[in-house]
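K.L.:
sequence below, structure please.
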Amino acid sequence: MLRDYQQRAIDMLNDWFTRHPEGHPVIEMPTGSGKSHVIAAYCQEALREWPETRILMLTHVKELIQQNASKMREYWPTAPLGIYSAGLRQRDASQSIVFGGVQSLARKADEIGHVDLLIVDEAHRIPAGAAGQYRKLIDDLTAINPALRVIGLTATPYRLSHGMITDPPALFSSLIVPVTYMELLKAGHLARLTCKRTATTYDLDNVRRRGGEYVEADLDAAVNDLKTNDDVAAEIIQHAGERRSWIVFAVSVAHAYGLRDALLRQGVTAATVVGETPSDERAKIIAAFKAGSIQAITNANVLTTGFDAPNVDLIAACRPTLSTSLYVQMLGRGTRTADGKKDCLVLDFAGIVSTHGPFDNPRPRKPGQKAGDAPVKVCPECDTLVHLSVMECPTCGHVWERKPPSLKLHDDPILSDAAEETIPVTSWNWSVETSAAGKKMLSVRYYPRSLSQPVIRENFVVWHGGSATYMAMKRLAAIAARVNGTLPGIDNGIDELQSWPCPKEISFRRNGKYFDVTRRAW
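P.N.:
This next block holds a predicted model:
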């Protein structure tokens, strides 16, 4: 049975297709939210309504192909599915639903034939331009069936080389957001991430950039030496305490083995998985890690997608990156829940939290756009990173004395829900206003039950463009999903927004003279 937000994803998708006879949507759902269940339910619904429908479910690694097909079998045991993947040694393109790998199918459109729905998992891998295996296959399938519709699914709807994957000239035209990480965290469906400051850090001053990302050879030279690896291993052990399942992200194959050896020297059971690791050996290592006989697993560019290990309770981020997508994918390995798991500790040796922002609300940037810093401070008692506004450490209870406003610290918290306040709400009012920059924006005011509480104003900069508009539309879509509303054309949609039922209470965080609304409850 689907969870409410999984059914909401299907309902929002069906509504989108009803209102858009052309174009391709992408659904953003957090890692661990059950995208494979949504895929299975949607395929079953489509074939029941239109039995002649042909569906191709496409992704880039065999682990995801196998995982998605298995979930389909669990949800729908009699599903007419086939698998087309060289890595899995199966080439069945005859079924109504085909789960395939893009590498195997890029030049096999004629063999697949007519497809009505192409569903792409990890859709952020599709480039904006016309090049690449995904785009070639899509173009070839569209030549066979000009009415082909593409549905994307991803936890990270942005690309390092482009920005948002809905920004022109991208394939996808709209973003659907049925649920957020913070909603799933508060509902107990996902685990909390916490972050500790590390004494060991990397000096990246001499690391070059190419194509918007660090050059791997330079990164390896900057971070991969015997002493640094030993220091990192010692610090992981120091902070780990009773945590039993550690995943370490390295910059290169040599770095992954170097960190493994450093952990082994200090008495930790550790193993390494890299791209060249044989399939049988990789499967044995991952099975041993999940069973608890291996405590730490190091990897280089392997375990960011298609790796489902709910027991992960510590992530050592030793891989600096300018890719927001990679940042979220790495940390997402720790958000699944497991018995006895309270949270997942992130040790940010690479400084990626300050580069990309809070995990639940990152700052994807377009090429050439510089990163900024968000406010965070470090607890002097336990080294936990918390938002600047927090006055009592949630880990050890340390209380900060209030400082004059002129004293500021800069860095980033790993989550954005620190120092929340909650108030009951009696009504709201939507309007179109002008920002300080002279641009139009949507604004909503939440009116509290008590006159002693402030009126909370929330702005949606839907006309500003770039990542700011993305985040605004994401919040609007989340509200629409909760009230079973549809997003109207923003220019003439104030009346519809105003007709939506007002939340009964909201949670917010003070941000200077403004407020950041973090939760709405109906």
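K.L.:
and for residue 198, the neighbour number?
P.N.:
As a burial measure, residue 198 scores 23 neighbours (other CB atoms under 10 Å). No exception for glycine: its C-beta is placed from N, CA and C like everyone else's.
K.L.:
check it and give its pLDDT.
P.N.:
Per-residue pLDDT puts residue 198 at 91.
K.L.:
that one reaches residue 346, doesn't it?
P.N.:
No - counting by CB atoms under 8 Å, residue 346 is not a contact partner of residue 198; they are 9.9 Å apart.
K.L.:
could you list the buried residues of stretch 453-461?
P.N.:
Buried residues in stretch 453-461, counted by 16 or more other CB atoms under 10 Å: 456, 458, 459, 460, 461.
K.L.:
which SS class is the nearest residue in space to the first one that is not next to it in sequence?
P.N.:
The spatial neighbour of residue 456 that comes closest, neighbours along the chain excluded (CB to CB, 6 or more residues apart in numbering), is residue 446 at 4.4 Å. Local secondary structure at residue 446 is given as strand here, using DSSP: H, G, I helix; E, B strand; the rest coil.
K.L.:
any idea how far residue 446 is from residue 360?
P.N.:
Per CB to CB, to the nearest Å, residue 446 is found 21 Å from residue 360.
K.L.:
show me what contacts the residue nearest to residue 456?
P.N.:
For residue 446, the residues meeting the contact criterion (CB atoms under 8 Å, 6 or more residues apart in numbering) are 425, 428, 455, 456, 457, 458, 502, 503, 506, 517.
K.L.:
so who does the residue nearest in space to the middle of the chain touch?
P.N.:
Nearest residue to the geometric centre of the chain (CA atoms, centre = their mean): residue 155, 3.6 Å. By CB under 8 Å, 6+ apart, the contact set of residue 155 is 28, 29, 30, 31, 33, 35, 328, 329, 332.
K.L.:
now swap in residue 20 and tell me
P.N.:
For residue 20, the contact set (CB under 8 Å, 6+ apart) comprises 173, 174.
K.L.:
before we move on, what about residue 72?
P.N.:
Counted by CB under 8 Å, 6+ apart, residue 72 has contacts 36, 39, 40, 43, 79, 81, 97, 99.
K.L.:
just residue 64 next, same as before
P.N.:
Taking CB under 8 Å, 6+ apart as the definition, contacts of residue 64 comprise 121, 122, 305, 306.
K.L.:
doesn't it lie inside a helix?
P.N.:
Yes - under three-state DSSP, residue 64 falls within a helix.
K.L.:
ok, residue 495 - how many residues close by?
P.N.:
9.
K.L.:
ok so it is a strand residue?
P.N.:
No - secondary structure of residue 495 (three-state DSSP): helix, not part of a strand.
K.L.:
quick one: it from residue 432, how far?
P.N.:
As judged by CB to CB, residue 495 and residue 432 stand 12 Å apart.
K.L.:
can I get stretch 457-472 in PDB, CA atoms only?
P.N.:
The C-alpha coordinates for stretch 457-472 follow below in PDB (Å, rounded to 0.1, in the frame of the first residue of the first chain):
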ATOM      1  CA  ARG A 457       5.100  37.000   6.100                       C
ATOM      2  CA  GLU A 458       6.500  34.500   3.600                       C
ATOM      3  CA  ASN A 459       7.700  35.600   0.200                       C
ATOM      4  CA  PHE A 460       7.800  33.500  -3.000                       C
ATOM      5  CA  VAL A 461      10.200  35.100  -5.600                       C
ATOM      6  CA  VAL A 462       8.600  33.300  -8.600                       C
ATOM      7  CA  TRP A 463       9.600  35.900 -11.100                       C
ATOM      8  CA  HIS A 464      13.300  36.300 -10.100                       C
ATOM      9  CA  GLY A 465      14.600  33.300 -12.100                       C
ATOM     10  CA  GLY A 466      17.300  30.700 -11.400                       C
ATOM     11  CA  SER A 467      17.500  28.700  -8.200                       C
ATOM     12  CA  ALA A 468      15.500  31.400  -6.300                       C
ATOM     13  CA  THR A 469      12.500  30.800  -8.500                       C
ATOM     14  CA  TYR A 470      13.100  27.000  -8.200                       C
ATOM     15  CA  MET A 471      12.900  27.100  -4.400                       C
ATOM     16  CA  ALA A 472       9.900  29.400  -4.500                       C
END
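K.L.:
in which helix or strand would I find residue 143?
P.N.:
Following DSSP states H and E, one finds residue 143 within helix 133-144.
K.L.:
which residues touch that helix?
P.N.:
With CB under 8 Å, 6+ apart as the test, helix 133-144 has contacts from 56, 58, 102-103, 105-107, 109-110, 112-115, 118, 120, 125-127, 129-130, 148, 150, 171.
K.L.:
now the buried members of the residues you listed.
P.N.:
56, 58, 102, 105-106, 109, 112, 115, 118, 120, 125-127, 148, 150, 171.
K.L.:
low-confidence ranges, the stretch 151-300 of the chain, go.
P.N.:
Within the stretch 151-300 of the chain, the segments meeting pLDDT under 70 span 161.
K.L.:
report the mean per-residue pLDDT for the helix holding residue 143.
P.N.:
For helix 133-144, the mean per-residue pLDDT is 95.
K.L.:
export that helix as CSV, just CAs?
P.N.:
Taking Å, rounded to 0.1, in the frame of the first residue of the first chain, the C-alpha atoms of helix 133-144 are listed here in CSV:
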residue,chain,number,x,y,z
GLN,A,133,23.1,8.5,-24.7
TYR,A,134,19.9,9.5,-23.0
ARG,A,135,19.1,12.2,-25.5
LYS,A,136,19.9,10.0,-28.5
LEU,A,137,17.6,7.2,-27.2
ILE,A,138,14.8,9.8,-26.5
ASP,A,139,15.2,11.3,-29.9
ASP,A,140,15.1,7.9,-31.6
LEU,A,141,12.1,6.7,-29.6
THR,A,142,10.3,10.0,-30.4
ALA,A,143,10.9,9.4,-34.1
ILE,A,144,9.1,6.1,-33.7
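K.L.:
give the buried residues for it.
P.N.:
Buried residues in helix 133-144, counting neighbours by 16+ other CB under 10 Å, are found at 133, 134, 135, 136, 137, 138, 140, 141, 142.
K.L.:
what separation do you get for the first one and residue 197?
P.N.:
So that's residue 133. Taken as CB to CB, the span from residue 133 to residue 197 is 41 Å.
K.L.:
for the contacts of residue 446, give me a markdown table that also has secondary structure.
P.N.:
Converted to a markdown table, the contacts of residue 446 look like this (three-state DSSP):
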| residue | secondary structure |
| --- | --- |
| 425 | strand |
| 428 | strand |
| 455 | coil |
| 456 | strand |
| 457 | strand |
| 458 | strand |
| 502 | coil |
| 503 | coil |
| 506 | strand |
| 517 | strand |
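K.L.:
can you lay out those residues as TSV showing distance to residue 318 and pLDDT?
P.N.:
As requested, these are exported to TSV (distance: CB to CB, whole Å; pLDDT from 0 to 100):
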residue	distance to residue 318	pLDDT
425	44	88
428	45	90
455	46	86
456	40	90
457	41	90
458	38	90
502	46	91
503	41	91
506	39	90
517	35	88
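K.L.:
quick check, nearest of those residues to residue 282?
P.N.:
Closest approach to residue 282 among the contacts of residue 446 (CB to CB): residue 517, at 43.7 Å.
K.L.:
any idea how far residue 135 is from the residue located most distally from the centre of the chain?
P.N.:
For the chain, the residue at maximal distance from the C-alpha centroid (CA atoms, centre = their mean) is residue 451, at 38.9 Å. The gap separating residue 451 from residue 135 is 58 Å, by CB to CB.
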